[in-house]
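Chemist: sequence unavailable; structure follows:
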Ligand code: HEM
């Protein structure tokens, strides 16, 4: 007999990873995958969906059997027109960080971790608070002028980009441009755009790549900047990095370091505003903002999936996979696995084992920006609750447009209003 829980499950045959139903409410699908088919081939993308926490962990912790080479492949094949645009810009995704299984990875990764280890992040808190304060002051003016405001475009999206630019010593480009390039890259490689849209996106990605190549090669990187650190880095054979690898590292860090954190802040704010009483508590209670961020990372992380490819035939979750099988690790679903987290559907800040979530991956490629992302999101939440204590979600907040890419999911709007409307 089927259990009542399974009766309520959506039929897995209808699963569309880019469909509105999955993007808006992925939980019933993720529960059904874990319960009925924990390692399942998805005909829509050709990927094997791996959804139980224990299987996802096993894959992440065994990078020799499950390689990261496919981490940045375009999930929707690029048409010739888009490939031509990229080729003209010299675009190539050389193995650098997330997609690098070579002996050069640990050294290059150390260049990144030196910028984002816990002490450096702690020292950056005043920078994060200053930028957050400036953006929220502008949001307050907008609220006073019109009575409502979108905290995604005015705050969540901009804060991580400005902070990252300061921490990495990036200049010569506006935050708005960097955000546009980064979002275009996510959509081109992790989205399901039409061929016309792919061409538009490829044009932006080509511009981004050309700017990065110029920045890496013009010899003008400020001392102490990320680009200067890459120039000083030596590979295991003692040689400097080639331009393609340095550009590949910058490309990934400039995308990973801001878009994902902006998405996390959007979800953190949206969920906090919807939770009765929480907005006041995060403003005043020590540790509550941090605990809320961690629980959001478990239940609704911005990086919802990540890819690996099998290096040899291997058994996983009772399924025999051939060499070269492309896996999609359901990071978000693993955070709601009842084998690990009791009452996973409930938001329980301070749950004892919350740090077992896999929102930042695990093992050799675990996200080196985790400390920065956590800190920025907690500072952002606390600052928003202190600067804008009276706001509430706008009437339309529930219908916010959603970003729904293969590996990235978040609200694209956090519409809020003040109860008394405009001040003028
Ligand atoms: C909420 C924000 C973020 C989330 C959810 C996130 C998540 C992830 C995930 C899932 C991976 C792959 C891990 C694996 O393969 O095991 C990753 C890798 C990576 N992330 Fe993040 N990330 C975030 C923010 C950041 C930030 C702020 C930075 C940099 C400042 C960053 C830089 C990187 C880099 C460089 C890698 C590749 C590491 C390697 O291959 O050695 N990420 N991230």
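Modeler: Yes, it's here. These numbers come from a predicted model, not from an experiment. Residues are numbered from 1 along each chain as shown.

Chemist: okay, now the domains of the chain?
Modeler: Per automatic domain parsing, the structural domains of the chain span 1-67+306-358, 77-303+367-417.

Chemist: so which of those domains is nearest residue 423?
Modeler: With Cβ to Cβ as the measure, domain 77-303+367-417 is the member of the domains of the chain nearest residue 423 (4.2 Å). Every C-beta, even on glycine, is put in place using the N, C-alpha and C of the backbone.

Chemist: now do the end-to-end distance for the closest one.
Modeler: For domain 77-303+367-417, the first-to-last residue distance is 42 Å (Cα to Cα, to the nearest Å).

Chemist: starting at the chain centroid, how far to it?
Modeler: Put simply, domain 77-303+367-417 sits 8 Å off its chain's centre (Cα atoms, centre = their mean, to the nearest Å).

Chemist: longest helix of this structure?
Modeler: Assignment by DSSP state H gives helix 118-146 as the longest helix of the chain.

Chemist: tell me what the very next helix or strand once past that one is packed against?
Modeler: Sequence order places strand 148-150 as the next helix or strand after helix 118-146, per DSSP states H and E. Judged by 3 or more Cβ pairs under 8 Å, 6 or more residues apart in numbering; DSSP states H and E, the packing partners of strand 148-150 are helix 118-146, strand 415-417.

Chemist: and residue 307, that's in a helix?
Modeler: No: counting by DSSP: H, G, I helix; E, B strand; the rest coil, one finds residue 307 to be strand, located in no helix.

Chemist: for it, which non-adjacent residue is spatially closest?
Modeler: Nearest residue to residue 307 in three dimensions, chain neighbours excluded: residue 70, at 4.9 Å (Cβ to Cβ, 6 or more residues apart in numbering).

Chemist: and the residue nearest the centre of the chain, how far is that from the ligand?
Modeler: The chain has residue 260 as the residue nearest its centroid, 3.0 Å off, counting by Cα atoms, centre = their mean. Using Cβ to the nearest ligand atom, to the nearest Å, we find residue 260 at a distance of 4 Å from the ligand.

Chemist: once you drop chain neighbours, what's closest to that residue?
Modeler: Excluding the flanking residues, the one nearest residue 260 by Cβ to Cβ, 6+ apart is residue 302, at 5.0 Å.

Chemist: OK, contacts around the one you found?
Modeler: Taking Cβ atoms under 8 Å, 6 or more residues apart in numbering, we find residue 302 in contact with 260-261, 263-264, 267, 408-410.

Chemist: residues in the chain within reach of the ligand, list them.
Modeler: By Cβ under 6 Å from any ligand atom, the residues of the chain that approach the ligand are 60, 68, 97-98, 109, 112, 116, 252-253, 256-257, 260-261, 264, 301-303, 306, 331, 359-363, 365-369, 372-373.

Chemist: now intersect those residues with the strands, please.
Modeler: residue 306 (DSSP state E).

Chemist: now, of the residues of the chain next to the ligand, which are buried?
Modeler: 60, 68, 97-98, 109, 112, 116, 252-253, 256-257, 260-261, 264, 301-303, 306, 331, 359-362, 365, 367-369, 372-373 (16 or more other Cβ atoms under 10 Å).

Chemist: and the closest residue to residue 249 other than its chain neighbours, what's its pLDDT?
Modeler: For residue 249, ignoring the flanking residues on the chain, the nearest one in space by Cβ to Cβ, 6+ apart is residue 96 at 4.2 Å. The model reports residue 96 with a pLDDT of 96.

Chemist: since we're on residue 96, how many residues are nearby?
Modeler: Per other Cβ atoms under 10 Å, the neighbour tally for residue 96 reads 26.

Chemist: tell me which residues touch it, please.
Modeler: Here residue 96 is in contact with 108, 245, 248-249, 251-252 (criterion: Cβ under 8 Å, 6+ apart).

Chemist: swap the cut-off to 7 Å and go again
Modeler: The contact partners of residue 96, by Cβ atoms under 7 Å, 6 or more residues apart in numbering, come to 108, 245, 248-249, 252.

Chemist: could you do residue 403 as well?
Modeler: 263, 409-410, 412.

Chemist: wait, which of the residues you listed is closest to residue 85?
Modeler: Of all the contacts of residue 403, residue 85 sits closest to residue 412, with 25.5 Å by Cβ to Cβ.

Chemist: the closest one contacts residue 152, doesn't it?
Modeler: Yes: counting by Cβ atoms under 7 Å, residue 152 is a contact partner of residue 412 at 6.2 Å.

Chemist: of the helices and strands packed on strand 148-150, flag the one that's most buried.
Modeler: strand 415-417 (a mean of 21; mean count of other Cβ atoms under 10 Å).

Chemist: who's in contact with that one?
Modeler: Against strand 415-417 from outside (Cβ under 7 Å, 6+ apart): 147-151, 273, 391-394, 396-397, 400.

Chemist: strand partners of that strand, parallel vs antiparallel please.
Modeler: strand 148-150 (antiparallel), strand 392-393 (antiparallel) (DSSP bridges).

Chemist: deepest in the core, which of those strands is it.
Modeler: Using mean count of other Cβ under 10 Å, strand 148-150 ranks as the most buried of these, with a mean of 21.
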